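> no sequence on hand, only this structure:
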Ligand SMILES: Nc1ncnc2c1ncn2[C@@H]1O[C@H](COP(=O)(O)OP(=O)(O)OP(=O)(O)O)[C@@H](O)[C@H]1O
Ligand SMILES: [Mg+2]
C-alpha cells in the first residue's frame, strides 16, 4: 500500500491544499505554525473517526468550529486520501473521500465515498457511497475485473449519521479497498519522540511497537531482544557505528518489576543506567528500534527526527528512513534542520507556506529553480537556507 | 525588469540589505539576497549559485568582508569563480571593514557603496 496524495478543504489551516505525488519517504518543511503537525493529524483524525465516531474525533480537537477553517464554518470539512493498493491481484489507485458537515449543531458524515477505476480509461466506480448514515456498498468487489460482471449492490443503514461506513460495514473481508484503507488508518503511527519520556525505569510489560513519545522504549527493546535477536543485534551494530565508544545495550529487570536500559561503553567495565546516558544515544537507539520494527507501519509520521542528533548522522538517518520505506513502510517526516534536509533528494521534499492565514503546499520537484540547482549537484538544505524555497521563510 | 542578485557572506549582511535596498533601488529593479555561512561556504557555493541561476539578465554582486586577507587577492579569486560560472561581469565588492559599518556610515570607505541601482564598473574598488 502506498499513500499517493492527500487533498484537504477546510481542515484547520488547510483551507484548500493538496500534497500530491508522495514518494515512500518524504519530508515536509515550513515555518512554525504552517501546519506540519496538522498534516500528520489528518491521519490521527481519521483514526479517531474510525475508532469512535466523527463527533468524538471533532470533540477531541475542540469541536467542529475549531477544526473547520476560520471563516468557512458554513462549509464542509473535506478529506480526500488517495492510495495505491493491490486489490484481488490488480494494483488500483483508490480514492477515499470524506465530507463532514453540521446539521442542527451536530456533526455528520455528509458524504463518504470509496472509488477506483475499472481500467485506465474508465470512470471511477463507487464501491461505497454513503450520505448521513445511509448508502450502499459493493459486496463482490473481487469480480470487478470481469468487465460485464454484475456487481452486487447492497443498501445499508448505519447506526448513526456520524459513524464511518468503513467502520460500520460488517464482514470486512468482503470489502477489499475499504479493508486496505482501514488497515492503513489503524496502523498509522506518529512518532514525536521525547528523550525524557523514554528515559528511566518502566513498569515491566509487553510492547511490540514504540509508542508515540517513546515512553515504552525499554519494553520494546526487551521484546526485540527476546523475540527477534537478529534484529536486535543488527540495531546494536548500527549503534556501534554511530556512537563513539558504544558497545552494548541491555534491558535489566529490577527486583520490583521494572525494566531499565543499561548502556555499555567499551572504555568502562560497568554499564551506565540510562539516566546517565546522552540524549542523542537514547534517541538514536529509539529510532533504530522504531525503524527496525519487524512489522513496519504502513504509514509512519515522524516529527523533527533531527533533535539531539549529531549533524553528521543526518545522512544515515535519512538512509534508515529509505530502507524502512523499502521494507514496506512509508514515511512522512517534518523537520526544521537544514542538515537533515541536505540528506534528502529533490523528489522527497515538500514545503508549506502560509498566505493570508491558510497554508499552501509546494513540491520541490515542481520548482524549476530547485530542479536546476539539484541537477547541478546542490543540496536541499543549502538551497533552503539560501532562500530558494519561495515563501518558506517567515520574513 | 532588472534583477540584482547579491551573494553575501553571512545572514547579517542579508538583514542589512533587506532594509536598505528597497529604499535606494529605483522602480523596475528587483533583488534577491543569497546569504551563505561564512567565507568558505560563499567561495564553495558561488559558482554553483551563479551557474544555475534561472533569471535571464540577472546581474550578480558578490559582497565579502576583507577581514585579514589581501583585498586584491580575495577579489581576484572571487572574480575567477564568477568567470568560471560564465559571469565575468559579476561585480565584486570587498567591504574593507565590517560590512555593517558601511550602512551605519562609520569608518572606512563609503565610496565603495553603490551609487545607484546599476553597478558602475568604473567605480570598482579598490
Ligand atoms: N480552524 C483553523 N483555521 C485556520 N487556521 C487554523 C485553525 N486551527 C489551527 N490553525 C492554525 O494552525 C496552526 C497550527 O499549525 P501546526 O501546529 O500544524 O504547525 P507546525 O507546522 O507543526 O508548527 P511547528 O513547527 O511550530 O511545530 C495554528 O497556529 C493556527 O495558526
Ligand atoms: Mg508541529
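Perfect, thanks for sending it. The model shown is predicted, which means the values in this text are computed figures rather than measured ones. Ligands and ions are numbered 1, 2, ... in the order given.
> which other helices and strands does the lowest-mean-pLDDT helix or strand in chain A contact?
Among the helices and strands of chain A, strand A:272-273 carries the lowest confidence by mean pLDDT, DSSP states H and E, at a mean of 81. Other elements packing on strand A:272-273 under the criterion 3 or more Cβ pairs under 8 Å, 6 or more residues apart in numbering or on different chains; DSSP states H and E are strand A:258-265. (C-beta placed from N, C-alpha, C; glycine too.)
> ranges for the helices of chain A?
Assigned by DSSP state H, chain A shows helices spanning A:36-51, A:54-59, A:64-67, A:165-168, A:176-187, A:195-198, A:217-227, A:229-242, A:279-291, A:314-326, A:338-342, A:368-375, A:380-385.
> wait, which of these is closest to chain B?
For the helices of chain A, distance to chain B was read as Cβ to the nearest Cβ. The smallest value, 4.5 Å, belongs to helix A:368-375.
> what's in contact with that closest one?
For helix A:368-375, contacts defined as Cβ atoms under 8 Å, 6 or more residues apart in numbering or on different chains pick out A:345, A:346, A:364, A:365, A:380, A:383, A:388, A:389, B:48, B:49, B:52, B:54.
> adjacent strands (with direction) for the least confident helix or strand of chain A?
Applying DSSP bridges, strand A:272-273 is found paired with strand A:258-265 (antiparallel).
> what comes up buried for the partner strand?
Applying a neighbour-count criterion of 16 or more other Cβ atoms under 10 Å in any protein chain shown, the buried positions in strand A:258-265 are A:259, A:260, A:261, A:262, A:263, A:264, A:265.
> now do stretch A:339-356
Buried positions in stretch A:339-356, judged by neighbour count with 16+ other Cβ under 10 Å: A:339-354.
> residue A:91: which of the helices of chain A is closest?
Evaluated with Cβ to Cβ, the helices of chain A place helix A:176-187 nearest to residue A:91, the distance being 11.4 Å.
> hmm, who's touching the closest one?
A:1, A:3, A:43, A:46-47, A:50, A:81, A:83, A:85, A:87-88, A:92, A:94, A:96, A:114, A:116, A:127-128, A:137, A:141-142, A:165-167, A:169, A:172-173, A:297-299.
> mean confidence score for it?
On average, the pLDDT along helix A:176-187 is 92.
> ok, stretch A:99-119 next?
Averaged over stretch A:99-119, pLDDT sits at 93.
> so which of the buried residues of stretch A:339-356 sit within strands?
Using DSSP state E, the members of the buried residues of stretch A:339-356 that fall in strands are A:349, A:350, A:351, A:352, A:353, A:354.
> next helix or strand past the helix or strand where residue B:23 lies?
Secondary-structure element containing residue B:23, defined by DSSP states H and E: helix B:11-24. Using DSSP H and E, the helix or strand that follows helix B:11-24 towards the C-terminus is strand B:29-35.
> now look at that next one and say if it contacts chain A.
Yes. Between strand B:29-35 and chain A, judged by Cβ under 8 Å from any Cβ of the partner chain, the touching residues are B:32, B:33, B:34, B:35.
> ok and the residue in the stretch 251-395 of chain A nearest ligand 1?
With Cβ to the nearest ligand atom, the shortest gap between the stretch 251-395 of chain A and ligand 1 falls at residue A:357, namely 6.0 Å.
> from the residues of strand B:29-35 next to chain A, which single one is nearest ligand 2?
residue B:35 (25.6 Å; Cβ to the ion).
> would you mind measuring from the nearest residue to residue A:246 once chain neighbours are set aside to residue B:16?
Spatially, and ignoring its direct neighbours in sequence, residue A:246 is nearest to residue A:239 (5.1 Å; Cβ to Cβ, 6 or more residues apart in numbering or on different chains). Look at residue A:239 and residue B:16: by Cβ to Cβ, to the nearest Å, they are 45 Å apart.
> repeat for residue A:332
Going from residue A:332 to residue B:16 by Cβ to Cβ gives 38 Å.
> please say which of the two ends up with more neighbours.
Residue environment comparison for residue A:332 versus residue B:16 gives the larger neighbour count to residue A:332, 26 against 17, counting by other Cβ atoms under 10 Å in any protein chain shown.
> check contacts around that one.
Residues touching residue A:332, when contacts are defined by Cβ under 8 Å, 6+ apart, comprise A:3, A:22, A:26, A:27, A:28, A:39, A:40, A:299, A:300, A:301, A:302.
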